[in-house]
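[1] compute the structure for the input listed below.
(2 chains, ligands or ions: 2)
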Amino acid sequence: MSAVGSNTRVWALHLGVIALLLAANFVLPEYHRGVFSRVLVLATFAMGYNLLFGYTGLLSLGHAMFFAAGLYGAGLPVYHLGWSVPLSFGTGILAGGTLALVIGVLALRTTGVAFMIVTMMFAQVFYLTTLYFTTWTRGEEGLVLSQAMRTIDPAGLDISLSNPSTRYLIALTLFSAVLLLMLRLVRSPFGRTLVAIRENEERMRMLGYDVFRAKLTAVVLSGLFCASAGAAYGLLFGYVGSGFASIQYSILPLLWVLLGGAATTLGPLVGTLFMFYIIDYTSGFTTAYLLLVGVALILLILFFPKGLLGTVRERWLKWLP
Amino acid sequence: MAAVTPLIETRALSRHFGGLKAVEAVDFTLQPGEIRAIIGPNGAGKTTFVSLICGRIAPSSGSIALDGNDITRLPAHKRVLAGIAYTFQITSIFPKLTVYDNVALSVQRRLLKAGRVVAGELDAGVAQALARVGLADRAQTLAGNLAYGHQRLLEVAMGLALEPRLLILDEPTQGLSDGEIEGFIALVREIAKEATVLLIEHNMPVVMQLAQKITVMNFGRVLAEGSAEEIRANAAVQEAYLGTGRDG
Ligand SMILES: Nc1ncnc2c1ncn2[C@@H]1O[C@H](COP(=O)(O)OP(=O)(O)O)[C@@H](O)[C@H]1O
Ligand SMILES: [Mg+2]
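    Ligands and ions are numbered 1, 2, ... in the order given. As a prediction, the model looks like this:
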């Protein structure tokens, strides 16, 4: 399905993007480096969403729960039990993966609009649960993870996650790992299986593919990626609150992916970055910035229905994965 | 003949849609190596019947065996792995993917079953299947842009690429030109050297040239079964067809 030539080109592009982002750590002004750190983590969330929505064709309206499962899965043990950063990062991912498996088994009995509604309902239950256990989560107010809680000291070496450069490099490491995993995944037989399921599920079944199993695997992988972003977000920025489990954080990854280009590997990064800066820019000179954001989104969808990179792929770079 | 375990055997197989008996109490056996045609007027239940065999539709009652093993409850995708391939009457391809990618999904499935997908084997498998149906020069075309007849052939290539033991073809010649039909007949003969073929077909010359045995369905039941001559001479068959005014 892909020639050797395009293979080199694709890897060169992705490694080039990572190299540029690495260089950015040393040239970006402090404020923008902070923005990029957040964007890299949120773009990881968007990549996880894209695996399910873009490649598999399953529109979930409940992905905030996977992000928040990572956030709380990592944040609660750090805050209440004094667990170390690496260990709680692991529990965050594990929490997201487990939740995705359970939700997947239940929600994949439905398709289309029903799937959207069911995922949204589960996410709402998750959100309400974080409010219900206010004693532990402090609800909307949230938990602030102190600097001391967010220090890794392998062999006496103090690495503080509140250091801007450290934070950026860790965010970039996570982003790069998930990006390269996504790239391998979507170009593998399994990735082609997911795309084909999106295109014609019935045919795939009659070609001998276990469609349910493939979709469930996609949900779990998506949940793992989103939870890794949530866990990293809590640990890097030191805040764990219910707001991240609310419906807003289920809609945002959808918008980021649509904007950047569904079913493109780099679209989530482009979309997240773009949206962050539209909001940043417009909120600078008007309080009605959300209106402007809305208008910008509508214009984009009108002129670039496949998102920015989706359009680039359609018109110019056919080889873009 | 009696000593050989049939490839497919159905017993009292039925499928009802509400009050409609689309397939009703069908006992059917298919021997390995056969080319069997199923004919019958529109709405006779042919598509529903083969869909029960390949697992696309669940039966209301009755049983289906493959090599003497009951597969009535086996999910469709596992039946495909067991060697039953179905090509759709209503063309079902991946229109936004290239012809190559369409067939690659079949080859990939077969290679995954055997172990792992090696790029060279994938290429070879796709090239071979496309060459057999005569679409080799269309590999990079988007499947949705193919002419209707070529989409039918692509559908057959996807079935072939699975290297099935039983290939079910549901009205494969619909939309093909006379020249393409000639080629298709030769192809089915070729396929039949390695696989059993179950063919639903309206074009009687194609049926007469290919089928060793014909099953006639009407109102969900088997009306008659036998060689081409026996079917031609069968009074009940003639009556069923006179009523519908169709030639096949
Ligand atoms: N999914 C379905 N729901 C309801 N009725 C159906 C369905 N599929 C087929 N039928 C009906 O069952 C009968 C047999 O259809 P079919 O098997 O497609 O016949 P054939 O292939 O011989 O033309 C027809 O009357 C058809 O309308
Ligand atoms: Mg039919």
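[2] touching stretch B:90-104 from outside, list them.
    A:1, A:192, A:195-196, A:199-200, A:202-203, A:206, B:105, B:122, B:125-126, B:129-130, B:135, B:138-144, B:146, B:148, B:151-152, B:154-155, B:157-158, B:161 (CB atoms under 8 Å, 6 or more residues apart in numbering or on different chains). For every residue, glycine as well, the C-beta is placed using N, CA and C.
[3] buried only: go through those for me.
    By neighbour count, with 16 or more other CB atoms under 10 Å in any protein chain shown, these hold A:1, A:192, A:195-196, A:199-200, A:203, A:206, B:105, B:122, B:125-126, B:129-130, B:135, B:138-139, B:143, B:146, B:151-152, B:154-155, B:157-158, B:161 as buried.
[4] run a quick neighbour tally on the closest residue to chain A within chain B.
    Going by CB to the nearest CB, chain A is nearest to B:V80 of chain B, at 3.2 Å. For B:V80, the number of neighbouring residues by other CB atoms under 10 Å in any protein chain shown comes to 25.
[5] which ones are touching it?
    Here B:V80 is in contact with A:M206, A:L207, A:G208, B:C54, B:Y86, B:R109, B:L162, B:P164 (CB under 8 Å, 6+ apart).
[6] now for the longest helix belonging to chain A, which elements pack on it?
    With secondary structure taken from DSSP state H, chain A has its longest helix at helix A:211-237. Secondary-structure packing of helix A:211-237 (3 or more CB pairs under 8 Å, 6 or more residues apart in numbering or on different chains; DSSP states H and E): helix A:30-50, helix A:64-76, helix A:85-107, helix A:164-186, helix A:189-199, helix A:201-205.
[7] make TSV from the ones you listed and add mean pLDDT to it.
    Shown next, in TSV, are these (pLDDT from 0 to 100):
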stretch	mean pLDDT
helix A:30-50	97
helix A:64-76	97
helix A:85-107	97
helix A:164-186	96
helix A:189-199	96
helix A:201-205	96
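[8] for chain B, which segments count as strands?
    B:8-17, B:20-30, B:35-39, B:61-66, B:69-70, B:84-87, B:166-170, B:196-200, B:213-218, B:221-226 (DSSP state E).
[9] keep only those of the buried ones among the contacts of stretch B:90-104 that are in helices.
    Counting by DSSP H, the buried ones among the contacts of stretch B:90-104 place A:192, A:195-196, A:199, A:203, B:105, B:122, B:125-126, B:129-130, B:151-152, B:154-155, B:157-158 in helices.
[10] get me the contact residues on chain B for ligand 2.
    B:T47, B:Q89 (CB under 5 Å from the ion).
[11] give me the below-cutoff pLDDT ranges for chain B.
    B:1-3, B:242-248 (pLDDT under 70).
[12] with just CA atoms, put the helix or strand where A:G271 lies into PDB.
    Element membership for A:G271 (DSSP states H and E) is helix A:267-285. Written as PDB, here are the backbone C-alpha positions of helix A:267-285 (Å, rounded to 0.1, in the frame of the first residue of the first chain):
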ATOM      1  CA  GLY A 267      -3.700  17.000  12.100                       C
ATOM      2  CA  PRO A 268      -4.300  16.900  15.900                       C
ATOM      3  CA  LEU A 269      -1.100  18.900  16.500                       C
ATOM      4  CA  VAL A 270      -2.000  21.500  13.900                       C
ATOM      5  CA  GLY A 271      -5.600  21.800  15.000                       C
ATOM      6  CA  THR A 272      -4.800  22.100  18.700                       C
ATOM      7  CA  LEU A 273      -2.100  24.700  18.100                       C
ATOM      8  CA  PHE A 274      -4.200  26.700  15.700                       C
ATOM      9  CA  MET A 275      -7.200  26.800  18.100                       C
ATOM     10  CA  PHE A 276      -5.100  27.700  21.000                       C
ATOM     11  CA  TYR A 277      -3.700  30.700  19.200                       C
ATOM     12  CA  ILE A 278      -7.000  31.800  17.800                       C
ATOM     13  CA  ILE A 279      -8.400  31.900  21.300                       C
ATOM     14  CA  ASP A 280      -5.300  33.500  22.700                       C
ATOM     15  CA  TYR A 281      -5.300  36.200  20.000                       C
ATOM     16  CA  THR A 282      -9.000  37.000  20.000                       C
ATOM     17  CA  SER A 283      -9.300  37.100  23.800                       C
ATOM     18  CA  GLY A 284      -6.700  39.700  23.800                       C
ATOM     19  CA  PHE A 285      -8.900  42.400  22.300                       C
END
